[in-house]
Every structure is written in C-alpha cells, then in structure tokens.
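>>> Based on what follows, work out the 3D shape:
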Amino acid sequence: MKMFTNNSLLSKLAGITAIGFLSLGLSLSAAAQEVLTIQQAIERMLQNNLTIKRAVLNVSSATVDLQQSKASLYPSLNGNVNNNLNFGRFLNNATNQLITQNFYAGDGGLNTSVDLFGGLTKVNQIRQNKILLEAGNSNLDKVKNDLILQVVTGYFQVVFNVELLKASKEQLVVAQQTEQREEALLDAGNKTIADISQAKAQVATAELNVTNAQNQLTISYLTLSQLMEMRSDNDNYTVVAPTIQEIATARKSYNINEVYNSSLALFPDIKLAKLNREAAEKGIAVAKGSLYPRISLGAGFGSRYSYVLGRSNISSPDSHFSDQLSNNFYQSIGLSVSIPIFNGLSAKSNVKRAKINYEDFKLQESLTKNTLNKVIAQAIADLRAADSRYSSTQNTFSAQKDAFNVIEQRYNVGLVNSLDYNTSRTNMNKAETDFIQAKYDLLFRSKVIDYYLGKQITF
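Sure thing, here's the model as predicted:
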C-alpha cells in the first residue's frame with residue numbers, strides 16, 4: 001500500500017512536470033507569434049500582394065504612353081550618313097558626272113519634320129491617354145478594394161474557425177470526462193455496456209469535430225496567408241477576435257438608396273467603368289483623324305563627297321574634303337500633303353470598330369451600376385437576416401444550455417438515461433456552434449456595408 005502511494009506520488013509529480021514543460025512550450029510559442037489585427041492584415045496585403053504590384057506596373061505603362069503621345073507633337077530630328085564603294089559606270093553625286101571609274105562616295109545630313117495637321121489624331125490620342133492613365137489608377141483602386149474584401153472575408157473565417165476549434169476541444173473534454181464517469185459507474189454496477197458504448201461514441205464524434213475544426217482552421221490560415229503573400233502556415237501569427245460589445249453594437253439597419261448613391265461616388269468599379277467609356281469615346285475621335293488629309297512641314301541640310309580610287313588602290317581625292325563639303329552643301333524645305341482617297345476601307349472600318357467599342361463600354365458601365373445596386377441590396381438583406389439569426393441562435397443556445405444543465409443534474413442522480421443525456425448535450429453543442437457562426441457573420445455583414453461606403457474596416 002505504501003509502495004502504491006509512492007508510485008502514485010511519482011506519477012503525479014511526473015505529470016505535473018510534463019504539464020509544466022508543455023505550458024512553458026506553449027508560452028514560448030505564443031510569445032513568438034505575431035498578433036495580427038484586421039487592419040494590419042489589410043496593410044500587409046496591400047504591401048505584398050503581387051496582383052497589386054502588376055496593377056502598379058500597368059499604371060506606369062499608361063504613364064509612359066501619355067508621355068510618348070505628348071512627345072509626338074514635337075518635330076522629329078534625324079541624322080544620316082551614307083557611304084558607298086562603286087565599281088563600273090556610276091553617277092558621281094558629288095561631282096554630278098557619269099564616270100566609269102572605281103570611286104568612293106558618301107553623303108550626310110540632318111532632317112526634321114513636323115505634322116501641321118492630321119485630323120487632330122495626336123491631340124485626341126493625348127486626351128485618350130490621359131483618361132486611360134486615370135482609368136489605370138482607378139483599376140489599381142479596384143484591385144485593392146476587391147482584395148480588401150477577400151482579406152476581410154478570410155480574416156473573419158480564421159476568427160470563426162479559431163473559436164469553433166476552441167469550442168470543439170471543450171466539448172471533447174466534456175465527452176471524455178463523461179466516458180470516465182460512465183466507466184467508474186460501470187465498475188460500481190450502476191451502468192451497462194450500452195451506456196459505455198454510447199459514451200465512447202460521443203468521444204469519437206467529439207474527436208472528429210476537433211479534427212474537422214483544426215483542418216478548417218488550417219485552410220483558412222492558408223487562404224489568408226496567401227492573400228498577404230506570407231508563409232503558408234499559421235505558426236507565425238494569430239488573429240484578434242472582435243469583442244461581444246463590437247458585435248452587439250454593429251449597425252444593423254441601412255437604406256439601400258443611400259448606400260447605393262454613396263457608393264456611386266466612391267466605389268472604384270463605377271469610376272473605372274465611367275473612365276473606360278470616356279476613353280472609348282475619345283477612341284472614335286482618334287479613328288476619325290485618319291479620314292482627314294495630313295499636312296507636314298519638312299526641312300533638312302547636308303553635303304556630299306567622293307574619292308576616285310587609283311590603280312594602286314590608294315584613294316586620290318578629286319579635291320580637298322572640306323572643299324567638297326562646302327561646294328556640295330545643300331538645304332531644303334518642303335510642305336507635303338497626304339489625302340486619303342481609298343485604303344481598302346481600313347479608316348472607315350476603324351471608325352466603325354471604335355463606335356462599337358464605345359457602345360460596349362456604355363453597356364459595361366450600365367451593367368456595373370446595376371450589379372452594384374443588386375450587390376448592395378443583397379448585402380443589406382444579408383445583414384438583416386444575420387441580425388435575426390444572431391438573436392435566434394443566441395436565444396437557442398441559452399435555452400439549450402439551460403436544458404442541458406437540468407438534464408445533467410437529473411442524469412447525475414439517475415433520473416435520465418445516457419441516451420437522453422447525450423442527445424441534450426449534442427443539441428447544446430450544435431446550438432453553440434450556430435451561435436458562434438451567427439455572431440461573426442453579423443459583424444462581417446456589417447463590415448461589408450462599410451466596405452461599400454468606403455469606410456476603413458477595423459474592430
């Protein structure tokens with residue numbers, strides 16, 4: 001008996017030591033983890049997300065297009081140098097003589113030209129590129145906005161799964177305690193094998209729920225990490241859950257028209273659709289420019305020189321190089337007019353395509369507005385439903401918890417069988433899970449409305 005007591009004491013000490021080391025390990029692990037708020041998650045996504053970086057590059061490309069279209073208004077300036085070695089009978093451009101000799105000839109000069117009129121194509125191209133640059137910035141805002149909503153959704157999913165896992169573990173502990181109690185009562189002759197089997201089934205179900213909850217949490221962490229371009233595990237950060245007060249005080253009533261009208265002025269999707277339509281309208285003016293005559297002014301200057309090759313293959317100049325450049329120096333200025341008459345209907349076809357493109361973007365703008373109206377109406381309806389479900393699940397969970405407490409008291413004194421006891425506990429567990437989901441869904445739906453109103457999402 002004394003030996004049994006000592007062994008029992010040693011076992012307890014070993015258990016306490018193991019628990020101490022486990023707690024220390026958990027503490028160190030928790031200390032190493034970063035606590036990430038929802039706003040910090042959004043900021044990290046904005047910094048790291050590759051889709052956003054690609055959108056930034058598109059803006060840079062649009063900036064270059066605008067700069068280039070502005071530069072096209074300036075005169076062009078080109079230099080040229082040509083050198084030829086001629087054998088046989090050729091016209092010597094430097095002396096303007098037809099000779100039958102081997103000679104070396106060259107010329108060089110500078111030329112400039114500027115378009116005086118081209119159907120305002122270049123001017124309209126600049127205007128279109130300004131709109132496209134603004135549209136690129138709006139598209140960048142749209143990409144950020146879409147990803148923010150995804151981060152908020154992913155963050156709430158993590159928060160929900162964290163609490164679901166916690167509740168599942170607590171339910172498993174209760175199920176294991178019940179199994180131990182049933183086995184003790186079986187040894188005392190107060191329970192049957194059927195009661196033990198029922199208790200073991202409840203433990204197995206609770207263990208499965210923990211496994212499923214852990215898997216769901218891992219997947220939700222993975223999704224959130226990928227949005228932030230972070231490591232694909234949840235060992236390096238944890239999330240902050242909203243408080244009950246924040247959930248309870250979340251705004252639950254909105255007017256559809258007020259939210260929609262506010263979103264029209266703020267939402268980047270609407271601005272992007274409007275700018276794309278305006279750019280397409282300018283595209284028609286750009287295409288029409290090719291239907292008009294093109295008038296260009298050009299000027300240039302240069303000179304020519306040549307050397308006749310002697311029998312010894314040593315170059316023998318007709319005159320000094322500087323004299324040739326001076327004697328053959330020329331200047332020119334001219335005006336050219338190009339009138340489009342028939343070019344396979346390419347110009348008219350381009351105008352028709354530009355008009356069709358414009359009509360398409362008009363429809364896209366209307367479609368974007370209609371979609372926004374539908375989405376906002378659905379979001380407000382979802383918020384109302386979430387509020388009702390929150391109240392219902394809260395009342396249901398409270399009632400099921402009270403009912404289980406009564407059943408548990410009666411079960412402890414043998415007035416209720418194990419089947420009724422397990423059924424009551426299962427109902428309470430399900431009610432708790434539904435309540436957890438409902439309370440986070442309510443806050444999430446409220447934040448979605450803030451998203452459409454352009455408000456910063458925090459809690």
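>>> do you know how far residue 110 is from residue 38?
63 Å (Cβ to Cβ, to the nearest Å). All C-beta atoms are positioned from the backbone trio N, CA, C, and that covers glycine.
>>> Between the two, which is the more surrounded one?
Between residue 110 and residue 38, counted using other Cβ atoms under 10 Å, the more crowded position is residue 38 (20 against 12).
>>> Which residue is the nearest non-sequential neighbour of that one?
residue 155 (5.0 Å; Cβ to Cβ, 6 or more residues apart in numbering).
>>> Tell me who's in contact with the one you found.
38, 41, 224, 239 (Cβ atoms under 8 Å, 6 or more residues apart in numbering).
>>> any idea how far the third one lies from residue 267?
Note on residue 224: its distance to residue 267, by Cβ to Cβ, is 24 Å.
>>> got it, and residue 238?
Taking Cβ to Cβ, one finds residue 238 at 32 Å from residue 267.
>>> Can you pick out the residue with more neighbours from those two?
Each of residue 238 and residue 267 has its neighbours counted (other Cβ under 10 Å); residue 267 has more, 24 against 15.
>>> Next up, phi/psi of that one, please.
Backbone geometry at residue 267, expressed as degrees, to the nearest 10, gives phi -70, psi 130.
>>> got a list of what it touches?
145, 372, 452, 454.
>>> Tell me the most packed of the residues you listed, by neighbour count.
Ranking the contacts of residue 267 using other Cβ under 10 Å puts residue 452 first, with 21 neighbours.
>>> who's in contact with that residue?
259, 262-263, 267, 372, 375-376, 379.
>>> cool, and residue 431?
Here residue 431 is in contact with 393, 396-397, 399-401 (criterion: Cβ under 8 Å, 6+ apart).
>>> Among those, name the buried ones.
393, 396-397, 400 (16 or more other Cβ atoms under 10 Å).
>>> which one of these sits closest to residue 176?
residue 400 (20.8 Å; Cβ to Cβ).
>>> Which pLDDT value belongs to the closest one?
At residue 400, the model reports a pLDDT of 95.
>>> That one in helix, strand or coil?
Here residue 400 is recorded as helix under DSSP: H, G, I helix; E, B strand; the rest coil.
>>> just how off-centre is stretch 189-199 within its chain?
Chain-centre distance of stretch 189-199: 56 Å, with Cα atoms, centre = their mean, to the nearest Å.
>>> Show me what that stretch is in contact with.
Residues contacting stretch 189-199 (Cβ under 8 Å, 6+ apart): 175, 178-179, 182-183, 185-186, 414, 417-419, 422.
>>> Rounded mean pLDDT for stretch 352-359, please.
In the prediction, stretch 352-359 has an average pLDDT of 96.
>>> ugh, wrong one, I meant stretch 274-287
Stretch 274-287 comes out at a mean pLDDT of 96.
>>> do stretch 160-176 as well
For stretch 160-176, the per-residue pLDDT averages 92.
>>> ok, then the element right after the helix or strand in which residue 201 is found?
Assigned by DSSP states H and E, residue 201 falls within helix 193-227. Following helix 193-227 in sequence order, the next helix or strand is strand 237-239 (DSSP H and E).
>>> So which bits of stretch 321-329 are buried?
324-325, 328.
>>> again with stretch 259-272
Across stretch 259-272, burial judged by 16+ other Cβ under 10 Å covers 259-260, 263, 267-272.
>>> quick one: which of the residues you listed is nearest residue 82?
residue 272 (50.9 Å).
>>> So for stretch 127-139, mean pLDDT?
Taken as a whole, stretch 127-139 carries a mean pLDDT of 96.
>>> Which parts of the stretch 201-350 of the chain are strands?
Along the stretch 201-350 of the chain, the stretches classed as strands by DSSP state E, counting those that start in this stretch are 237-239, 294-309, 315-317, 330-338.
>>> any idea of the mean pLDDT in the first one?
Same thing as strand 237-239. The pLDDT scores in strand 237-239 average 90.
>>> what sits up against it?
Everything outside strand 237-239 that qualifies as a contact, by Cβ under 8 Å, 6+ apart, is 30, 33-38, 41, 155, 158-159, 162, 224, 230.
>>> from those, which would you call buried?
Buried, going by 16+ other Cβ under 10 Å: 36, 38, 41, 155, 158-159, 162, 224, 230, out of the contacts of strand 237-239.
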